[in-house]
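Engineer: quick one, fold the following:
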Amino acid sequence: MNSPKGFASNQSQPSKQTKQAKRSGRNLAPYVRTLPIVIDAMLEAGNVTATDYIYDLGCGDGRILLTAAQRCGARGLGIDLDPERIQEAKAAARQLGLIPHIRFKHQDLLKVDLSTATVVTLYLLPESNLRLRHKLQTELKPGSRIITHSFDMGDWLPTRTAQVSDVINTYTIYVWEI
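Structural biologist: Numbering: from 1, shown residues only. As a prediction, the model looks like this:
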């Protein structure tokens, strides 16, 4: 499957800031792009609509949020520690005419206020998901959804799951409702 419009097709290398964040312990996951079929499955499993405000924590190049805005009409905010990824995401949003609807911010996702989110998307490591549980539970409003792929939230039972496969792998999508 081709990359969505506005995304570079080559794999970018981690920036100097990402390497520094990793050494300091602030980096909660390596930069790995989410496949378009996985993004589609996440948005479908999470019932994302135009009424949603999505926070994509560890957004990388912004592809989950960009796709949600394009396909579902959702608004939102992408957060990442890597300023180069944020610049890529902003450039893609400008190219696609999505700037009024979505924003991208270079920030530590552990410090962002999640209270306005109706959906939080994550593709982080298992231990990072566990570090976020208390924050998600205390800052999100009832009815908000958390959507992850490949990694769960430990002993939190998901509200629902879905699976999607490519030629090689099967990916599990997890959804929790607060």
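Engineer: residue ranges in this protein under the pLDDT threshold?
Structural biologist: For the chain, the stretches flagged by pLDDT under 70 are 1-32.
Engineer: what residue is smack in the middle of it?
Structural biologist: Compute the mean C-alpha point of the chain, and by C-alpha atoms, centre = their mean the closest residue is D56, 3.5 Å away.
Engineer: am I right that D56 is in a strand?
Structural biologist: Yes. Judged by DSSP: H, G, I helix; E, B strand; the rest coil, D56 forms part of a strand.
Engineer: wait, isn't S165 in contact with Y171?
Structural biologist: Yes. Using C-beta atoms under 8 Å, S165 makes contact with Y171 at a distance of 7.2 Å. The C-beta positions use only the backbone N, C-alpha and C, and glycine is treated the same way.
Engineer: more crowded one of the two?
Structural biologist: Higher neighbour count among S165 and Y171: Y171, with 17 against 11, using other C-beta atoms under 10 Å.
Engineer: for the more buried one, phi and psi?
Structural biologist: Main-chain dihedrals, Y171, degrees, to the nearest 10: phi -110, psi 130.
Engineer: same check on A92?
Structural biologist: Here is the backbone geometry of A92 (degrees, to the nearest 10): phi -60, psi -40.
Engineer: count of residues packed around it?
Structural biologist: By other C-beta under 10 Å, 22 other residues sit near A92.
Engineer: that one and G62 touch, don't they?
Structural biologist: Yes. The criterion here is C-beta under 8 Å, and A92 meets it with G62 at 5.9 Å.
Engineer: hang on, the residue nearest to the centre of the chain packs against I64?
Structural biologist: Yes. If you go by C-beta under 8 Å, D56 and I64 touch, sitting 5.0 Å apart.
Engineer: shared neighbours of these two, anything?
Structural biologist: By the contact definition C-beta atoms under 8 Å, 6 or more residues apart in numbering, D56 and I64 are jointly contacted by G78, T121.
Engineer: helix/strand/coil for K141?
Structural biologist: coil.
Engineer: for it, give its distance to I54.
Structural biologist: To I54, K141 is 14 Å away according to C-beta to C-beta, to the nearest Å.
Engineer: compare these two (neighbour count), which wins?
Structural biologist: Remark: of K141 and I54, I54 carries more neighbours, 27 against 11, as counted by other C-beta under 10 Å.
Engineer: what's the burial count for the spatially closest residue to that one that is not a sequence neighbour?
Structural biologist: Excluding its sequence neighbours, the residue lying closest to I54 (C-beta to C-beta, 6 or more residues apart in numbering) is G76, at 3.4 Å. By other C-beta under 10 Å, the residues close to G76 number 28.
Engineer: G143 too?
Structural biologist: Quick note: G143 (other C-beta under 10 Å) scores 8 neighbours.
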